[in-house]
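Peer 1: Build me a model:
(2 chains)
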Amino acid sequence: MKQGAVKMSIVDYGAGNLPSVERALQSLGAQTERVTRPEQLAAARVVVLPGVGHFAAFVDGLEERSLTETLRTVSDSGVPILGICLGLQALFSSSREAPGKAGLNFISGEVEALPKNVKSPHIGWNQVRHQRESILLRGIPEEAYFYFAHSYAARGKEEHTVGVCDHGFPFAAVIERGNLMGVQFHPEKSGGAGAKLLQNFFESVQ
Amino acid sequence: MTLARRIIPCLDVHGGRVLKGIAFESLRDMGDPETLAARYNRDGADELVLLDITASRDGRATFLETVRGVSRQLNIPFTAGGGIRTLQAGQAVLRAGADKVTVNTAAVERPDLISELAAQFGSQAVVLSMDVKLVSSGWEVFIRGGREATGLDAIAWARQGVERGAGEILLTSIDRDGTYSGFDCKLTAAVANTVSVPVIASGGAKTREHFLSVFSEGQADAALAASIFHDQTQPISSLKNYLAEHGVPIRLTP
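Peer 2: Next up is the predicted model:
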């Protein structure tokens, strides 16, 4: 383990496959902790927000643990946050998956259902096209494959979308806006390309 | 940008070992699940499926240990199941590190199991396995390891499973399973054209051409096999190179 590596605080909202995310980060030399209480989150220096399942369960899970407001404070103070899968979607204002349920609204926009003319859930390995200079995609080849497993996606806006995937419509696969980052795929399940992306994240927060 | 077709090795696990030959022939030990999983992870498999072929209450703890051990070897997704009858049993395999849980017999007996799992973990975590045989009236679903007829039409059951929240269908042709005569492309295409979720074809694979036809004629999203991968009759990397050369969208690993 690297000396003095910044600890990664992984938000545990009650669902989600945390062990694989932890293992992937630890294999890079990161220290990790699971965060379930607002005071833990308030002290975080790097936040990882993994998520699988339903948008409503995610935002409710954060709310029940009184983590939502703290997450906002932490985000406003410039702490790096990496949302994974549903964790990326939760950064947006809302989702069609849970009409009327507010997302974190760190990034404005609505998460949409994938269209009916493609297989949904979008499950499997798909390619990401780079949009511009990116921290997370540095050194990763154009159109590298990552593992996706989702039925909803954010179209994203040009200014924060650094990587795009296409399944029914082009959607934000990788977003970066200041301290906010997010990936729609599962880097911890995406072989070598995913490991490289997590390493980029890890190095960027040291 | 294209969604790649997946190649999925399946580990049939009993008592902490990978075995070959479920019902029809004598069981043969194919090795240690963690060792095989690590090899597949390295060789470019897109995903793994881990099936508990013991599926008894006594064997459950051992299987969960295997799931835990395998998950530590992987940075690719994997599905686990076999004998999953309750939400709690499904939750246990997911907690042990699997990304998806697969249900089969119990889902036929109590279709609500699919809905319950999907509501709790999301459709992307629920794989409906179905074992199908061609009978005079059409394709029929069989349960209990293919031993018991259900009277259910395979296409109708696949559709119902998806309506209830299954995010993928793992479709095994009993007629082809263990025959090495190739996937049942007709059955696979019939299901793939009916449901809106990905279909994983299983049963009968031996040659590279079998895989090529299940992706073209069969319109499968993924193809699964077991022993031909374990004994390296069909090495993953050369199979994937072959498919890529023949125009199948495939994730090639360096």
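Peer 1: got the residues of the stretch 101-250 of chain B near chain A?
Peer 2: B:119-125, B:167-168, B:196-198, B:221-222 (C-beta under 8 Å from any C-beta of the partner chain). Every residue, glycine included, has its C-beta placed from N, CA and C.
Peer 1: Let me have the residues you listed in a markdown table, adding pLDDT as columns.
Peer 2: Formatted as a markdown table, those follow (pLDDT from 0 to 100):
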| residue | pLDDT |
| --- | --- |
| B:A119 | 90 |
| B:Q120 | 88 |
| B:F121 | 89 |
| B:G122 | 91 |
| B:S123 | 94 |
| B:Q124 | 94 |
| B:A125 | 94 |
| B:G167 | 97 |
| B:E168 | 98 |
| B:S196 | 96 |
| B:V197 | 97 |
| B:P198 | 98 |
| B:D221 | 98 |
| B:A222 | 98 |
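Peer 1: Tell me which of these fall in strands.
Peer 2: The strands, defined by DSSP state E, take in B:E168, B:A222 from those.
Peer 1: From B:Q232, how far off is B:L152?
Peer 2: As for B:L152, its distance to B:Q232 is 37 Å (criterion: C-beta to C-beta, to the nearest Å).
Peer 1: quick one, which of these two is more surrounded?
Peer 2: B:L152 (18 against 11; other C-beta atoms under 10 Å in any protein chain shown).
Peer 1: The more buried one sits in which helix or strand?
Peer 2: strand B:148-153 (DSSP states H and E).
Peer 1: which of the residues in the helix or strand that comes right after that strand are buried?
Peer 2: Going down the chain from strand B:148-153, the next helix or strand is helix B:154-163, by DSSP H and E. Going by neighbour count (16 or more other C-beta atoms under 10 Å in any protein chain shown), the buried part of helix B:154-163 is B:A154, B:I155, B:W157, B:A158, B:R159, B:Q160, B:G161, B:V162.
Peer 1: of the residues you listed, closest to chain A?
Peer 2: B:V162 (10.1 Å; C-beta to the nearest C-beta).
Peer 1: What residues does the closest residue to that closest one other than its chain neighbours make contact with?
Peer 2: Leaving aside its chain neighbours, B:V162 sits nearest to B:V195 (4.7 Å; criterion: C-beta to C-beta, 6 or more residues apart in numbering or on different chains). The contact partners of B:V195, taken as C-beta atoms under 8 Å, 6 or more residues apart in numbering or on different chains, are B:A158, B:R159, B:V162, B:I169.
Peer 1: how long is stretch A:150-158 end to end?
Peer 2: Length of stretch A:150-158, first residue to last, C-alpha to C-alpha, to the nearest Å: 22 Å.
Peer 1: List the contacts of it.
Peer 2: A:55, A:85-86, A:88-89, A:92, A:95-97, A:107, A:109-114, A:120-122, A:131, A:164, A:167, A:169-172, A:175, A:184, B:123-124, B:167.
Peer 1: Next: stretch B:201-213.
Peer 2: Outside stretch B:201-213, the residues touching it (C-beta under 8 Å, 6+ apart) are B:7, B:10, B:170-185, B:188, B:214, B:218, B:220, B:222-225, B:228, B:233-234, B:239, B:242-243, B:246, B:248.
Peer 1: Any of these buried? List them.
Peer 2: Applying 16+ other C-beta under 10 Å to the contacts of stretch B:201-213 flags B:7, B:10, B:170-178, B:182-185, B:188, B:214, B:218, B:220, B:222-225, B:228, B:234, B:239, B:242-243, B:248 as buried.
Peer 1: can you map out the helices along chain A?
Peer 2: Ranges of helices in chain A, per DSSP state H, are A:18-26, A:38-42, A:55-64, A:68-76, A:86-89, A:191-204.
Peer 1: Of those helices, flag the one that's most buried.
Peer 2: Mean neighbour counts were compared across these using mean count of other C-beta atoms under 10 Å in any protein chain shown; the top stretch is helix A:86-89, at a mean of 27.
Peer 1: and that helix, C-alpha only, in PDB?
Peer 2: What follows is helix A:86-89, C-alpha atoms only, in PDB (Å, rounded to 0.1, in the frame of the first residue of the first chain):
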ATOM      1  CA  LEU A  86     -26.800   4.400 -10.800                       C
ATOM      2  CA  GLY A  87     -24.300   6.600  -8.900                       C
ATOM      3  CA  LEU A  88     -23.800   8.600 -12.100                       C
ATOM      4  CA  GLN A  89     -27.600   8.800 -12.700                       C
END
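Peer 1: Report how many residues lie close to A:Q31.
Peer 2: 14.
Peer 1: And it, how far from chain B?
Peer 2: Distance, A:Q31 to chain B, using C-beta to the nearest C-beta, to the nearest Å: 18 Å.
Peer 1: now A:D12
Peer 2: For A:D12 relative to chain B (C-beta to the nearest C-beta), the value is 13 Å.
Peer 1: Check A:D60 too.
Peer 2: Distance from A:D60 to chain B, by C-beta to the nearest C-beta: 13 Å.
Peer 1: Next one: that residue, what pLDDT does it get?
Peer 2: pLDDT, A:D60: 93.
Peer 1: Give me the neighbour count for residue 17.
Peer 2: Let's take chain A. 24.
Peer 1: You answered for a different chain; I wanted chain B.
Peer 2: 16.
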